[in-house]
Structure formats: C-alpha cells, structure tokens
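> Mind looking at a prediction? Sequence and model below.
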Amino acid sequence: MRKINSYAILILVSVLLPVIALSQSSTPHLLYNNGDVLYIQSGAVLHIQGDVINASGSGSSFTNNGLLNLEGDFTNNGTFTTDASVGEGAVRLIGNNTMAGSAFTGRQTLSGTLSTPGTGSFYNLVIDGGASGQITALGSNITVTGSLVWNGSSTMANTYNPSGFPSTLGNSSIMLVRGSVPPGAGIIQTSAQQVYISSSASTAIAGYGSSSYINGFLKRTVAASASYDLPVGSNSNYELANITFNSAMTGTSMLSANFNTGATTAPSPGTCIINGSKINGLLNAGYWTIHPDIQPTAGTYTAMLHMMGYTNSPASNGAVTPGEQIGIVKRTNSSSPWLGCGVTVYGNPATDQGYGSCIDDGSFTNGVASVSRSLVSYFSDFGIGMEQSNIYALPVELISLSAEPIDNSFIRLNWATASEQDNKGFQVMRSTDGVNFSYMGWVNGSGTTSTQHDYSYDDKTVDPNIIYYYKLNQVNSDGNGTETNIVSASITGGTNVTVSELMPNPTSGKTRLVISTTAESQKVSVMFYDILGKLIISSDNNLVTKDTNTLNFDMSSFLDGSYTAIIRVGDKIYSKKVILVK
C-alpha cells in the first residue's frame, strides 16, 4: 500500500509526469490519503490499478484538475474537489479485469461523501468498462456537476469537458495519453442511492446505451424549455425515457426517474382509452416513475418511452396493426387506475381520456417498443398500454365499480360488465389501509356473454368509523385473473350518516357528493387537497338536513391528477378520492 506521509504534497504536473501509476498488487488499497494534500494538475494523468481512499484525517484534501484513471474502488471521506475552469477534472472508471485490490472482478464501488458540490462531488465522471455487464455500484448518493459520460471513443473527448480543454492541449490530445480505448460499457447500480446531475445542459449525460445506463434512481436538473434523456433500466434491460418540454414549464426544476419491474395492475378497458381503443393490458417489462421536485403549474411536455425486455408483444416487428394499439398510459400512483389519452369511445365525459395526445399507434422495432405522448401537463407513473382485441377476446369489460354504505349497517359493493369471455367469477378483496388486501368472498361470473350483467356483494362484517377499501380479482376459466381499481366506503356510529363517493369519477371538471343523515341538521365542511397536500378547495359553511343532500363542486380550473376530499360531518371525518381528467 502506498501511503502519503503526513504534511506531504503530491502534485502531478502534465509536463513532468504525464502518467503516474501507483500500484502494489499485494495490498487492497493502492492510494491512501490520511491527512495530506493531493493535487492533479490540469493535463496530468494519474493511473491507479487498485483502490483510492481519501480518508477523514485532518486536512485530507484531493484536488483533481486533470484525469484520474481508476481500476478499483473510490472512497472519499475528506475533501474532494475540482477547479472546473482550468482543466478536465475527470474521474474515469476503467473497470477492467485487473482490478487490483477489488473483491469483485468487473465491479467498482463509489462511496463516502460524494454528493456535496464544492467539498465532495464529481465534476466529470466517465464510465469506461472493458466489457458489457460490468458494474459501477453506489455506496452513497453521488452528484455530478459537469457531465456523466460512457465514453469508449476518442471522438467524445469534448463531451465530458463542458468548460473546454486548456488551449495548449487541443481537443483530443488528452485522449492520446490514455492508451487503448475500451468500449465504454458499464451499468451504474444505485440500490437505494441516486445519481444527481446538477447541470441543466441536455448533453450533461452522454454515451448511454443498451450496456451503459443507470439501474436505479437518476435525478437531473432541467431547464424550462429543453429535451432530456433519462437513461434508466433494470438488472437486465435498458429502458430509455425522454421528456421534451413543448412550452416553458413553470415550477419544475428537477426530474427524478427510475424503472420498476414486477407485476402491476392492468388497465381497465372501461376507463383506459388510447385514440378510441380500449386498453386492456401492459407490456410486461415494467413501468417508469418520473416525478418532479414540484408539479408544474403551467406548460406541457412530450414523453417518449422505449421499452425492452417485454414478452407479451401483440405485434411482430414493424408497424402496429389495427386492433393492436399501443401507447403511453399514466397513473398518479400505484393505488390509482391507469389512464390513456384521446377521445372516449362511450361519449361520456367521466371516461374521456382527452388530456394529452398519443402520437400514431406506436411501433415495435428490433425488440424495442416505442411510444410517444404530447401535451402532458403533470408527472407520474408511465407504462406502455396495449389493446389485444385481435389476439384474444377481452375476458371481462368492466364498466362500473362502486362501494356504498347501506342503512349505515353494512357496505354494498356494486359492479357491472359490458361483456365477458370465459369468466369464472370474481374474488372480493378488502383492506383497511388500501395496500394490504385479504379475501372476503366469491361471486360467480356469467361465463361468455355480450350483454350487460350487474353484480353486488354485501360486506356485513364492518365496524363504524373505519374506511374499508375494496377491489375485485376477476378469474378466468383457466385460472388467470385481472385486478380492478380500488373503491372505498365506511359506516358511522351514533347519528346515521352516509357519504357517497365523488361522482362522476374520473371527472372532467364537475363532481358531487351525496350526503344522507338522520339528524335534523348538521354542518358539513369539505376540503380538497392535491397530491402534494396543497389545499385547493375549501367549503366550510354547508348545512345538510335530514335525508338526502347533494353538494356540487367545480374542479375545471385545476390541473389533471388525483385529489383527496376530506369531509367533516359533525364530529365524523370521511376521505374520498377523485381523478380529474380534462
């Protein structure tokens, strides 16, 4: 192990020391700084065949204005800085098979204090793994204030040097001292950590591709009118997303993105429409979560998604044929239904998917499904929905699902289907937190039918003042099933009060509550909150009288999204959700 002596200063100068390699394969850490000053001058190259540790000793300082070529792990517990105005300031992770001192071949780890600009962060971070499948693992959050680049080509020398090379070096000579150029492979694996790109330049991330992306969480600063790639993916697949602002977005300055795998609730063709087609499935590789620091208050954007790794494509390579529509579907969160875009097929404003516009029919090319949706005004979960009516008959077309208290003594679940194909029946599932559901009962289906059928289930095992959440698991004759969206209801103790769900739901603007009470008169307050907890409607002085009362609300001036209404009737509080889709 090479240890820098106390009070020593190591200065690497490009003229005298074009390349310095400190190595000793018998020790795990090949450069260890514990209380000293390390300085790589602009134009100089330091090549370490193992690990670098900038320890927490008093005065530990590492300034990198040149290039640090690293084959092992990097840990910073001291001060690690770059003067971006004078040099390249790049840390280049070579990640070859030598990896002296590393416990894992083809794996490099970044840890310590690496997310604080000015005292501990990267300026330019270059991923240059020697082969596909190599990993850069994060042990802590990292911030890149310049550029994150998967290099692999000398023609990209300027990409990760946004301040420009020193004039004495020219545009490519810094590459000449590095020797051979690896392919630029390497997946950044974040786990619970994140990569933060603080520059708002669209080119601040470059060189990504099918073997070079972020498996986990990416956050990047965005400007009001620009286009940003979000090169995220899973353990096995690259899943690129792009956000292009059509007009200046107000309020949003950062986007966070990741790709989720695993099962998710399928869209309901009764409420999920794309360009007039009923969407009954999702491409099964997963879905994207793209959230802002603040939801925009004005402006729109276009989202483009490119999915790999799906196994349930309804089309062969090439254009999507009629009956095989694919497009972007969105939902506020995992408890919300997937919604499409374009006009409704029912002529009912409550199911109108008219916000946003899905461009053409999407396409499948060389194993990649590509879709686009413009004029979108808020961020959420994104998936690729598909219509498969030409591939197999839709098992069940659900047109309504509701829960309501009956005589303040039990809760009745009502639903209706427009058509059924080999429908064995419905499992009724119940929850008290909206997340963890248990089996409550079974209702037989109608097999195969093309006419409307109405169903109900009475839950008589409910307690007062508890909100119960319900969903159905529709089961086919072959045992496969599809889950519905979630509805809720409750009963109350003392004075009998019933509060309906908000109707219609989803709504294009206007919605209403029906409140029934056995009291002669009661005051009712209704507060609507958006997903960020901001109060948008306050209605305090409502007086309801015995029997049935209707309260009307107009939400047409608010942004599309999911809202929660908190209703206080006397000393009782109810919570109802509504989705606004204009």
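Nice, I can see it.
> Scan the chain for its longest strand.
Among the elements of type strand in the chain, defined by DSSP state E, the one spanning the most residues is strand 410-431.
> Okay, buried residues for that strand please.
When burial is assessed from 16 or more other Cβ atoms under 10 Å, strand 410-431 yields the following buried residues: 411-413, 415-431. Where you see a C-beta, it was placed from the backbone N, CA and C, and this is true even at glycine.
> same check, this time on stretch 292-307
Counting neighbours by 16+ other Cβ under 10 Å, one finds that the buried residues in stretch 292-307 are 292, 295-296, 299-307.
> before we move on, what about stretch 201-217?
Applying 16+ other Cβ under 10 Å to stretch 201-217 flags 204-208, 211-217 as buried.
> my read: Thr136 touches Ile188, true?
Yes - between Thr136 and Ile188 there is a contact at 4.7 Å, judged by Cβ atoms under 8 Å.
> ok, those two, which is more surrounded?
Looking at Thr136 and Ile188 with other Cβ atoms under 10 Å, you find the greater number of neighbours at Ile188, namely 28 against 24.
> Reduced to three states, what does the more buried one come out as?
strand (DSSP: H, G, I helix; E, B strand; the rest coil).
> Domain ranges for the protein, per the record?
Domain ranges of the chain: 9-263+285-318+363-381, 396-489, 497-580, per automatic domain parsing.
> Mind putting those domains into CSV with mean pLDDT?
Shown next, in CSV, are the domains of the chain (pLDDT from 0 to 100):
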stretch, mean pLDDT
domain 9-263+285-318+363-381, 78
domain 396-489, 86
domain 497-580, 85
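> related to what we said a few turns ago, what is in contact with Thr136 and Ile188 at once?
Residues touching both Thr136 and Ile188 comprise Ile127, with contact defined as Cβ atoms under 8 Å, 6 or more residues apart in numbering.
> so what's Ser140 closest to, chain neighbours aside?
Spatial nearest neighbour of Ser140, chain neighbours left out: Ser111 (5.1 Å); criterion: Cβ to Cβ, 6 or more residues apart in numbering.
> which stretch of helix or strand covers that neighbour?
For Ser111, the host element (DSSP states H and E) is strand 107-112.
> Note down every partner strand of the very next helix or strand once past that strand and its orientation.
Proceeding N to C from strand 107-112, the next assigned helix or strand is strand 122-127, under DSSP H and E. Paired neighbours of strand 122-127 in the sheet (DSSP bridges): strand 90-93 (parallel), strand 142-150 (parallel).
> where do the helices sit along this structure?
Ranges of helices within the chain are 173-176, based on DSSP state H.
> and the longest strand of the chain, how far out from the chain's middle?
The offset between the C-alpha centroid of strand 410-431 and the centroid of the whole chain comes to 31 Å, using Cα atoms, centre = their mean, to the nearest Å.
> Just the buried residues of stretch 440-449, please?
Neighbour counts using 16+ other Cβ under 10 Å place 440, 445 of stretch 440-449 among the buried residues.
> And for stretch 140-150?
By neighbour count, and taking 16+ other Cβ under 10 Å as the criterion, the buried residues in stretch 140-150 are 140-150.
> Tell me which residues touch the residue nearest to Ser247 when sequence neighbours are not counted, please.
Counting by Cβ to Cβ, 6+ apart, the nearest residue to Ser247 once its immediate chain neighbours are dropped is Gly299, at 4.6 Å. Neighbour list for Gly299: 224, 245-250, 377 [criterion: Cβ under 8 Å, 6+ apart].
> 7 Å instead?
The contact partners of Gly299, by Cβ atoms under 7 Å, 6 or more residues apart in numbering, come to 245, 247-250.
> Which of these ranks first by neighbour count?
Neighbour counts for these peak at Met249, which has 25 neighbours (criterion: other Cβ under 10 Å).
> quick one: that residue and Ile294, what's the gap?
With distances defined as Cβ to Cβ, to the nearest Å, the gap from Met249 to Ile294 amounts to 10 Å.
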